[in-house]
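**Q** I'll drop the sequence and a predicted model, then ask my questions.
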Number of protein chains: 2
Amino acid sequence: MNPADAPSPHMDPDTFRTLGHQAIDWIADYWQHLADHPVAPPVEPGSIRAQLPSAPPEHGEDFPALLADLERIVLPGLLHWQHPRFFGYFPANASGPAVLAELLSAGLGVQGMNWSTSPACTEVEQQMLDWFVQLLGLPAHFRGTGVIQDTASSALLVALLTALHRASGGRTRDHGTDGHRYRVYLTRETHSAAAKAAVITGLGLRALHDVATDADGAMDAADLETCIRADRAAGATPLMVVATRGTTSRLSFDALDAIGPVCRRHGVWLHVDAAYAGVAAICDELRWVGDGVHHADSYCTNPHKWLLTNFDCDLLWVTAPEALVGALSVLPEYLRNPASASGRVTDYRHWQVPLGRRFRALKLWSVVRWYGAEGLRAHIRTGVRHARLFAGLLRTDPRFTLLAPPVLGLVTFRLNASDVANRGLLDTVNTEGTTFLTHSEKNGTYFLRFATGGTFTEDRHVHEAWRALRKAASAGDEGEQGAAMTSR
Amino acid sequence: MNPADAPSPHMDPDTFRTLGHQAIDWIADYWQHLADHPVAPPVEPGSIRAQLPSAPPEHGEDFPALLADLERIVLPGLLHWQHPRFFGYFPANASGPAVLAELLSAGLGVQGMNWSTSPACTEVEQQMLDWFVQLLGLPAHFRGTGVIQDTASSALLVALLTALHRASGGRTRDHGTDGHRYRVYLTRETHSAAAKAAVITGLGLRALHDVATDADGAMDAADLETCIRADRAAGATPLMVVATRGTTSRLSFDALDAIGPVCRRHGVWLHVDAAYAGVAAICDELRWVGDGVHHADSYCTNPHKWLLTNFDCDLLWVTAPEALVGALSVLPEYLRNPASASGRVTDYRHWQVPLGRRFRALKLWSVVRWYGAEGLRAHIRTGVRHARLFAGLLRTDPRFTLLAPPVLGLVTFRLNASDVANRGLLDTVNTEGTTFLTHSEKNGTYFLRFATGGTFTEDRHVHEAWRALRKAASAGDEGEQGAAMTSR
């Protein structure tokens, strides 16, 4: 047979339609029946792999076989982040309009590395970032300085590289960080992405300088200034402050109005990480989450957490984009093109670590258009209401103590018992399967986190989670009593 | 109205089904009618943005409005990478099974940063990487060392960080690269990602050392050894060789069997970038693309280019994963969990720059199952056949010269005329819209690239592109004649 006459191995368009409708229905079914499943099914390490063939198939098979294995092998091996009773970590919202736009983006399959490699990919993204300047009430000078990154970790890395470029007068690009002792200021509450970025950029963990915090975990601006002065006196170069509006562990908010002037006085780059909390500024009554953001040299927040836009989608603004491009641009011949040479376009590959990039702005566009600003606000407000609802329930049970009043969609609390008992409670409630929570620690004290904001979460799910938690606590009581009785 | 009674802003499941079917059909229609559209429609900078509202909508609107704007605003503003007559850059294959799995992954919306945050996400990925060890005939010691990265750029960055960690005995993690003059060896053909990684890691561009190449553009192993010895004698630390199996510009292949022993002798990390070409090893007759890969400390190839798996999906193997984890691990309390503490699981967040990660293995699984190894081979062979077909057509026209016989899916050629005329030809043919090609240069000589391998490309599309190119060349002839006549 002539190779050209061989049957095509590809999925023909009509088959794609049929199977695509099945895939859509599969997701709808998954979402509709999620509440019937345990949030975190028990899984033994290696048990998923053990169910997969050890060798790849020689011959193709039909798509429904994959769907069947999704049901049989994968679903029992997932922590279900979209489950309406998932209250762990922070939410990672999927939503109908986001998923459909992700699908469309995959079907289009374009590359946005340069403007010329798909102009609409770049221009829709620029427009969306400017829309978010308006939606979040960000300073007008942020317009035209925004870009989508995969995560807040990458955003921080890109900001740090830009700060290095600026502080060194462009020297780091050619000469690296060699011979300079740069310093990056943060607190114990700062996301671990800062440490990772320090390692990646060759500064090393020794470049990190812990600044004191107040009782709420917020950075002490006076101590920051003391640290900066001391470092400068010792011959180091204060480079960047990583401030956080809503820390991961317990939603501390660093006071930018106090920190910003310190940074300006000392010529230090101010990066503000509002990965989770920043999107809440879409609500007037929560706009305070962005207080002082006009001091920031760079700022990021993640629609892929609480704003209904599938991972990955982090929004980063860098108010000195020319320094960003200076830090990261490399130009091989095969990427030269008249549009870039004209200087009239933005080539986003210079704004990020990788070269290639997906059309991620499409899902942001889809989400904003489907929900409208009012729909997005309604979602944020539901999350806030659910946190208050849960905190209210906790207050009715004297076995529990709130660490603090709920902030946005986060409730932090403890069982009035040992750390061991609290760990046991988390394990018990997560194993039982009705809900899923995570933990953290504050000054060595272990506590539990209940993070609302799931796309599919309704009031009843909060009540169900609360009942499961109470039951687990009671089982712990009995266990402790049992242990106590046994030990008599 | 009580907020709890407010209508939900979310897309209900039945609406999701209906609109999802529309989105699937939209993609099928797009793919079916792509050949009727210009590959690269003319776009003026800013013209897309000008059609978008300057402010985000307050109220939500129905999804079909987005689909209508996709047609009206976005499609005329895209370079259509999935067009059957797209022969620019390298392909960025979408395919039915990949797009459907991307959809499923978005619907599941899980996070694979830790094993415990969705065990199946990690374990399916581990299995897929081991499947590809078999599919590509990679060394057995690659098993268990693989991970999906977004791009080959990130893969190179991660490899460089691992090499730094190993070479410094773990010192760089804490102390950075300060005080060491590390050297990274490459050639003029090496992808610009190497320069970007040198900047990002704080080594700076001065760490890069260009090694001589032979007439085919391959690294000269003897010169490499000379460079390494000279650098060492001068007090620098030879760190990494970036070798390429299939360079971006013209598919040069560095001889790993010559380079590998040099690296081993001098304790230098060997990273091998086979982003485009590596997947071709799935065909026995093309397995040579991986010759000598057993010398590699790290190796990557991209199913998102020529192997039918939507961007992003780069496969990276690092044969010393413990060094990789050592280089990149940071552990905040809120990510601690019993599974990680047990040491029995792999937490892929330590294997990459970002923290969060999508369930990308799902699309790889879907692609391999739908096509089977034989279907994947058939696709690669079609691309190779198309390159030969196009080269054969070029040979029939004395106005053109091949730079070299076609390699895999790439044909490099020139019009027998000035660089200016060649640039003009590229501009003319791309503006005409039937096809789209890109260019590069070799020793200062401009040339055109014709890269096959599109999912939807059939023989007739190669012929159509050839006719468009001949016509553009003829128009150029007339233009030159006309100019010549005018100047008389």
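**A** Yes, it's here. Numbers count the residues shown, from 1 in each chain, chains lettered A, B, ... in the order given.

**Q** low-confidence regions, the stretch 1-150 of chain A specifically.
**A** Filtered on pLDDT under 70, the stretch 1-150 of chain A yields the residue ranges A:1-5.

**Q** and the strands in it?
**A** A:146-149 (DSSP state E, counting those that start in this stretch).

**Q** so which residues of it form helices?
**A** A:13-33, A:63-69, A:96-108, A:119-135 (DSSP state H, counting those that start in this stretch).

**Q** how about residues contacting the first one?
**A** Spelled out, it's helix A:13-33. With contact meaning C-beta atoms under 8 Å, 6 or more residues apart in numbering or on different chains, helix A:13-33 is reached by A:11, A:63-64, A:67, A:70, A:75, A:82, A:99, A:456, B:13-14, B:16-17, B:20-21, B:23-25, B:27-28, B:31-32, B:96, B:99-100, B:103-104, B:107-108. For every residue, glycine as well, the C-beta is placed using N, CA and C.

**Q** what do you get for stretch A:108-118?
**A** Residues outside stretch A:108-118 that contact it (C-beta under 8 Å, 6+ apart) are A:121-123, A:125, A:335, A:337-340, A:345-349, A:355-359, A:362, B:27, B:30, B:45, B:77-82, B:89, B:92-94, B:99, B:310-311.

**Q** show me which helix runs longest in chain A.
**A** Taking DSSP state H as the criterion, chain A has its longest helix at helix A:361-395.

**Q** distance to residue B:384 and mean neighbour count added to the helices of the stretch 1-150 of chain A, as JSON lines?
**A** Output for the helices of the stretch 1-150 of chain A, formatted as JSON lines (distance: least, C-beta to C-beta, whole Å; neighbours: other C-beta atoms under 10 Å in any protein chain shown):
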{"stretch": "helix A:13-33", "distance to residue B:384": "25", "mean neighbour count": "19"}
{"stretch": "helix A:63-69", "distance to residue B:384": "27", "mean neighbour count": "16"}
{"stretch": "helix A:96-108", "distance to residue B:384": "26", "mean neighbour count": "27"}
{"stretch": "helix A:119-135", "distance to residue B:384": "30", "mean neighbour count": "24"}
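
**Q** nearest to residue A:286, out of the ones you listed?
**A** The minimum distance between residue A:286 and the helices of the stretch 1-150 of chain A falls on helix A:119-135, with 12.2 Å, by C-beta to C-beta.

**Q** helix, strand, or coil at the closest residue to residue A:328 other than its chain neighbours?
**A** Nearest residue to residue A:328, sequence neighbours excluded (C-beta to C-beta, 6 or more residues apart in numbering or on different chains): residue A:350, at 5.1 Å. Three-state call for residue A:350 (DSSP: H, G, I helix; E, B strand; the rest coil): helix.

**Q** surely residue A:162 meets residue A:316?
**A** No: the criterion here is C-beta atoms under 8 Å, and residue A:162 misses it with residue A:316 at 10.2 Å.

**Q** please enumerate the shared neighbours of those two.
**A** Shared contacts of residue A:162 and residue A:316, defined by C-beta under 8 Å, 6+ apart, comprise residue A:298.

**Q** any residue of the longest helix of chain A touching chain B?
**A** Yes: residues of helix A:361-395 contacting chain B under C-beta under 8 Å from any C-beta of the partner chain: A:362, A:365-366, A:368-376, A:378-379, A:381-382, A:385.

**Q** show me what the mean pLDDT comes to for that helix.
**A** Across helix A:361-395, the average pLDDT comes to 98.

**Q** got the angle between that helix and helix B:96-108?
**A** 30 degrees (axes from the mean of the first three to the mean of the last three C-alpha atoms, to 10 degrees).

**Q** elements contacting the following helix or strand past helix A:361-395?
**A** Once the chain leaves helix A:361-395, the next helix or strand it forms, by DSSP states H and E, is strand A:400-402. Under the contact criterion of 3 or more C-beta pairs under 8 Å, 6 or more residues apart in numbering or on different chains; DSSP states H and E, the helices and strands touching strand A:400-402 comprise helix A:361-395, strand A:410-415.

**Q** just say which of these is most tucked in.
**A** strand A:410-415 (a mean of 24; mean count of other C-beta atoms under 10 Å in any protein chain shown).

**Q** ok, residues contacting that strand?
**A** A:90, A:250-251, A:387, A:390-391, A:394, A:399-404, A:421-422, A:425, A:440, A:442, A:445-452, A:473, A:476.

**Q** name the next helix or strand downstream of that strand, please.
**A** Next along from strand A:410-415, by DSSP H and E: helix A:419-432.

**Q** only C-alpha atoms, please: export that next one in CSV.
**A** Provided in CSV are the C-alpha atoms of helix A:419-432 (Å, rounded to 0.1, in the frame of the first residue of the first chain):
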residue,chain,number,x,y,z
ASP,A,419,-1.5,19.5,68.6
VAL,A,420,-1.6,15.7,68.4
ALA,A,421,-5.3,15.7,68.9
ASN,A,422,-5.7,18.4,66.2
ARG,A,423,-3.6,16.4,63.8
GLY,A,424,-5.7,13.4,64.6
LEU,A,425,-8.9,15.3,64.0
LEU,A,426,-7.7,16.4,60.5
ASP,A,427,-6.7,12.9,59.6
THR,A,428,-10.0,11.5,60.9
VAL,A,429,-12.2,14.0,59.1
ASN,A,430,-10.3,13.8,55.8
THR,A,431,-10.3,10.0,55.9
GLU,A,432,-14.0,9.9,56.5
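
**Q** flag every residue of the stretch 151-300 of chain A that's near chain B.
**A** Checking the stretch 151-300 of chain A against chain B by C-beta under 8 Å from any C-beta, the hits are A:151, A:153-154, A:157, A:161, A:164, A:172-181, A:191-193, A:195-196, A:198-207, A:248-249.

**Q** list only buried entries from those residues.
**A** Buried by 16 or more other C-beta atoms under 10 Å in any protein chain shown: A:151, A:153-154, A:157, A:161, A:164, A:172-173, A:175-178, A:180-181, A:191-193, A:195-196, A:198-205, A:207, A:248-249, out of those.

**Q** gap between the spatially closest residue to residue A:100 that is not a sequence neighbour and residue B:16?
**A** Closest residue to residue A:100 apart from its sequence neighbours, by C-beta to C-beta, 6+ apart: residue B:23 at 4.6 Å. When C-beta to C-beta, to the nearest Å is the yardstick, residue B:23 and residue B:16 sit 10 Å from each other.

**Q** also residue A:390?
**A** Distance from residue A:390 to residue B:16, by C-beta to C-beta: 28 Å.

**Q** residue A:475 now?
**A** For residue A:475, the distance to residue B:16 - C-beta to C-beta - is 38 Å.

**Q** now residue A:107
**A** Going from residue A:107 to residue B:16 by C-beta to C-beta gives 17 Å.

**Q** and for residue A:120?
**A** Distance, residue A:120 to residue B:16, by C-beta to C-beta: 25 Å.

**Q** how many neighbours does the nearest residue to residue A:247 once chain neighbours are set aside have?
**A** Distances taken as C-beta to C-beta, 6+ apart place residue A:189 nearest to residue A:247, at 4.0 Å, with adjacent residues excluded. Look at residue A:189: counted by other C-beta atoms under 10 Å in any protein chain shown, it has 23 neighbours.

**Q** before we move on, the earlier item: list the contacts for the residue nearest to residue A:328?
**A** Counting by C-beta under 8 Å, 6+ apart, the residues that residue A:350 touches are A:324-325, A:328-329.

**Q** and if you look at residue A:159?
**A** By C-beta under 8 Å, 6+ apart, the residues touching residue A:159 are A:240, A:269, A:271, A:297-298, A:300, A:316, A:318.

**Q** can you redo those as a markdown table with secondary structure, pLDDT and neighbour count?
**A** Shown next, in a markdown table, are the contacts of residue A:159 (DSSP: H, G, I helix; E, B strand; the rest coil; pLDDT from 0 to 100; neighbours: other C-beta atoms under 10 Å in any protein chain shown):
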| residue | secondary structure | pLDDT | neighbour count |
| --- | --- | --- | --- |
| A:240 | strand | 98 | 30 |
| A:269 | strand | 98 | 24 |
| A:271 | strand | 98 | 28 |
| A:297 | coil | 98 | 23 |
| A:298 | strand | 98 | 26 |
| A:300 | strand | 98 | 27 |
| A:316 | strand | 98 | 26 |
| A:318 | strand | 98 | 27 |
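
**Q** that concludes my questions; thank you for your assistance.
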